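**Q** no sequence on this one, just coordinates:
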């Protein structure tokens with residue numbers, strides 16, 4: 001049966017159509033960093049799926065009844081009801097986005113010198129841990145190292161290593177964070193069995209177990225498709241079970257809340273909730289709005305109901321799978337199996353002539369923009385590697401990837417066909433792509449604001 005989106009379009013927005021010379025000028029002015037491009041210079045924007053989705057008619061209607069009272073607004077209680085129904089956590093706080101939720105949670109949980117252990121911390125998560133003087137330690141499962149295998153749950157944490165880390169008296173672990181799906185690990189899902197076992201290990205050692213639940217619904221969908229014993233469960237049932245396994249969560253709801261702004265912190269522990277509430281009031285706002293308008297709280301409440309609808313998730317997963325098929329047919333390998341929110345291109349394999357210190361993932365991402373106006377981002381040595389004060393790579397990332405993040409309910413099949421055509425065109429002559437060197441490199445989250453310059457092919 002042919003792929004069909006389970007919605008129809010009521011409002012459209014023009015897409016910028018540019019020429020290659022225009023894109024070359026734009027990219028040079030941006031310091032060869034796609035984050036510095038203006039949106040009106042981008043034809044297909046796959047930079048992120050965070051806050052870039054389309055709002056439904058029901059969400060728009062819900063937003064019209066937003067109560068903008070400073071304290072105790074009706075919209076908060078509708079939001080609270082939706083989150084409580086999903087998570088079962090008694091203490092729920094809105095925040096303006098995920099990184100704010102992480103900052104508050106970690107500041108309330110961690111002391112300087114402690115360790116946060118996870119399957120893979122993503123960029124802002126790691127930054128918020130490290131800014132507290134703590135260590136973010138990743139323990140991905142061994143299967144995650146094989147990008148080509150069809151192992152269904154490469155987002156899992158390594159349970160044996162987790163046990164060792166928590167049992168080590170010299171490793172002061174303050175929290176374990178399970179990111180679902182594992183964005184930094186190629187958008188791969190986490191199995192319910194792995195979550196359950198990780199939670200049991202944490203309880204045995206008295207360490208809090210939290211979810212980074214930004215893509216909880218997409219993880220739940222993949223569980224229903226891949227994990228034995230879950231085929232007959234709905235995504236909502238799986239999501240509820242996942243939240244029940246943890247002590248709480250922090251999440252950007254700009255992903256699976258399908259809104260442009262919003263996040264949550266939720267938990268069981270009343271004392272931890274008290275500490276988080278104090279930090280929330282100081283940095284975000286009163287606990288019944290937490291940096292969000294009543295309109296946004298209402299749209300979030302509706303989005304959390306829509307995101308677990310099987311027809312929506314089936315269509316979204318099918319669109320990503322179809323793009324994966326077209327890209328691999330063009331000769332570009334991806335992290336297998338394809339997830340839902342993004343494709344991860346194997347830039348290291350496509351560009352063997354560009355060494356890690358010349359950032360092959362960034363080279364491919366840049367060329368996709370220059371060739372067709374497709375904006376995306378690398379998850380390789382520019383993003384995850386260690387560099388010295390001069391911008392020279394010291395420790396490369398384990399893989400050189402490029403993420404094509406798929407906004408929710410934004411692009412149609414013809415848009416994805418265009419993206420695949422651009423990827424195919426770029427892949428025809430990989431030897432022509434230059435590498436890049438850093439010329440400006442911020443100390444924290446450098447990929448957001450760094451600037452680079454091209455290095456001719458073959459330059460050591």
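**A** Yep, it's here. All values reported here derive from a predicted model rather than from experimental measurement. Residues are numbered from 1 along each chain as shown.

**Q** what packs against the lowest-mean-pLDDT helix or strand in the chain?
**A** Comparing helices and strands within the chain by mean pLDDT, DSSP states H and E singles out helix 446-449 as the least confident, with a mean of 82. In terms of contacts (3 or more CB pairs under 8 Å, 6 or more residues apart in numbering; DSSP states H and E), helix 446-449 is packed against helix 381-384. Where C-beta positions appear, they are placed from N, C-alpha and C, glycine not excepted.

**Q** what's the helix it packs on packed up against?
**A** If contacts are counted by 3+ CB pairs under 8 Å, 6+ apart, helix 381-384 sits against helix 360-372, helix 446-449.

**Q** Kindly recompute the last result at 10 Å.
**A** The contact analysis (3 or more CB pairs under 10 Å, 6 or more residues apart in numbering; DSSP states H and E) places helix 381-384 against helix 123-130, helix 360-372, strand 393-395, strand 401-405, helix 446-449.

**Q** right, and these - which one's nearest residue 161?
**A** helix 123-130 (17.8 Å; CB to CB).

**Q** Return the set of buried residues in the closest one.
**A** Under the neighbour-count criterion of 16 or more other CB atoms under 10 Å, helix 123-130 has 123, 124, 125, 126, 127, 128, 129 buried.

**Q** mean confidence score for it?
**A** For helix 123-130, mean pLDDT rounds to 90.

**Q** Tell me the helix or strand right after the host helix or strand of residue 419.
**A** Residue 419 is part of helix 413-427, with elements assigned from DSSP states H and E. Note on helix 413-427: by DSSP H and E, the next helix or strand toward the C-terminus is strand 435-440.

**Q** neighbouring contacts of that following strand?
**A** Residues outside strand 435-440 that contact it (CB atoms under 10 Å, 6 or more residues apart in numbering) are 31-33, 351, 353-363, 366, 378, 382, 387, 390-393, 446, 449-460.

**Q** hmm, try it at 7 Å
**A** 31-32, 354, 358-359, 362-363, 387, 391, 450-455, 459 (CB atoms under 7 Å, 6 or more residues apart in numbering).

**Q** Next step: those restricted to helices.
**A** In helices, judged by DSSP state H, the following of these are found: 362, 363.

**Q** Write the ChimeraX selection for whichever of the contacts of strand 435-440 are buried.
**A** Selection of buried members from those for ChimeraX, criterion 16+ other CB under 10 Å:
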select :31,32,354,358,359,362,363,387,391,450,451,452,454,455
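
**Q** Can you report how many residues neighbour residue 89?
**A** Look at residue 89: counted by other CB atoms under 10 Å, it has 21 neighbours.

**Q** same question but for residue 254, I mixed them up
**A** 25.
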